[in-house]
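Chemist: What would the 3D arrangement of this be:
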Amino acid sequence: MHYTPPLRAVAKVDRRSLRLLALVALWLRAEKATSGR
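Modeler: Numbering: from 1, shown residues only. Next up, the predicted model:
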């Protein structure tokens, strides 16, 4: 009953989500720095 998507698709999505997470982290860091001033 469990459906396992192809590893290729998983890797692609993982890479995209990781990049998004990194961008969000950088943005949050910038926001914290500006608000801290």
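Chemist: Any buried residues in the helix or strand containing E31, and which?
Modeler: Per DSSP states H and E, E31 falls inside helix 7-36. Applying a neighbour-count criterion of 16 or more other Cβ atoms under 10 Å, one finds nothing buried in helix 7-36. C-beta: built from backbone N, CA, C; applies to glycine.
Chemist: where's the most centrally placed residue in the chain relative to L28, distance?
Modeler: Centroid-nearest residue in the chain: L21, 2.4 Å away (criterion: Cα atoms, centre = their mean). L21 sits at a distance of 10 Å from L28 (criterion: Cβ to Cβ, to the nearest Å).
Chemist: Could you check the pLDDT of L28?
Modeler: L28 is assigned 94 on the pLDDT scale.
Chemist: With L20 instead?
Modeler: Looking at L20, its pLDDT is 95.
Chemist: Quick check: the gap between the residue nearest to the centre of the chain and L7.
Modeler: Separation of L21 from L7 (Cβ to Cβ) stands at 20 Å.
Chemist: Please apply the same query to L20.
Modeler: Note on L20: its distance to L7, by Cβ to Cβ, is 20 Å.
Chemist: How about D14?
Modeler: Taking Cβ to Cβ, one finds D14 at 10 Å from L7.
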